[in-house]
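Asker: Here is a sequence together with a model predicted from it:
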Amino acid sequence: MKAATVHELKDELQQLPAKQLVELCLRLSKFKKENKELLTYLLFEAHDLPAYITNVKLQMDEAFEALNTSQIFLAKKTIRKALRIANKHIRFTGSKLAEVELLIHFCTLLKECGINLAKSTVMTNLYQGQLKKVHAALKGLHEDEQYDYKRMVEKLKV
């Protein structure tokens, strides 16, 4: 079965009555946890982006608190998990501001976690890749916000 295009789905959804749309959304939320999380964000948390960003930062903090620095392999797994949390919530918000804030927070946590980034090329590349994403997202922000965040990013450079 071939999936319909977004345009086709949009046209079809516009023709449905509200009650049927609600049923479709609920049915969709049953299939994947991520669908349910996205629906939760859109319904309950999208109106207060700063509080949502703070909540995601707390989740990332918890992931880094569980970091096992004795073995680099286990540390990498935990760090990637924290990055997956950040990326998932960045996709949910669709906001450049949220992307910049969450990635800066991730880079700050990674830099302060106690792992020597210079000894692991994988961690160095991961860190540098996130800094590149921050720079790319900064271009989508207002000039005043860019200035504030660029100062924060300068502190993160290795």
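Answerer: Received the coordinates, thanks.

Asker: Please save the CA atoms from stretch 19-29 in CSV.
Answerer: The C-alpha trace of stretch 19-29 is given here as CSV (Å, rounded to 0.1, in the frame of the first residue of the first chain):
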residue,chain,number,x,y,z
LYS,A,19,-16.3,14.2,15.2
GLN,A,20,-14.7,12.0,12.7
LEU,A,21,-11.4,14.0,12.9
VAL,A,22,-11.4,13.4,16.6
GLU,A,23,-11.8,9.7,16.1
LEU,A,24,-9.0,9.6,13.6
CYS,A,25,-6.6,11.5,15.9
LEU,A,26,-7.4,9.2,18.8
ARG,A,27,-6.9,6.1,16.6
LEU,A,28,-3.6,7.5,15.3
SER,A,29,-2.4,8.2,18.9
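
Asker: What are the buried residues along it?
Answerer: S29 (16 or more other CB atoms under 10 Å). C-beta: built from backbone N, CA, C; applies to glycine.

Asker: so how far is it off the chain centroid?
Answerer: Centroid separation for stretch 19-29 versus its chain: 26 Å, with CA atoms, centre = their mean, to the nearest Å.

Asker: Tell me the helix or strand right after the biggest helix by length in the chain.
Answerer: In the chain, assigned by DSSP state H, the helix with the most residues is helix 72-93. Counting by DSSP states H and E, the next helix or strand C-terminal to helix 72-93 is helix 96-112.

Asker: Show the average pLDDT along that next one.
Answerer: With pLDDT averaged residue by residue, helix 96-112 scores 93.

Asker: which other residues reach that helix?
Answerer: Helix 96-112 has contacts (CB atoms under 8 Å, 6 or more residues apart in numbering) with 49, 52-53, 56-57, 60-61, 64, 79, 82-83, 86, 89-90, 93, 117, 123, 126-127, 130-131, 133-134, 137-138, 140-141, 145, 149, 152-153, 156, 158.

Asker: So which bits of the longest helix of the chain are buried?
Answerer: So for helix 72-93, counting by 16+ other CB under 10 Å, buried means 72, 75-76, 78-79, 82-83, 85-87, 89-90, 92-93.
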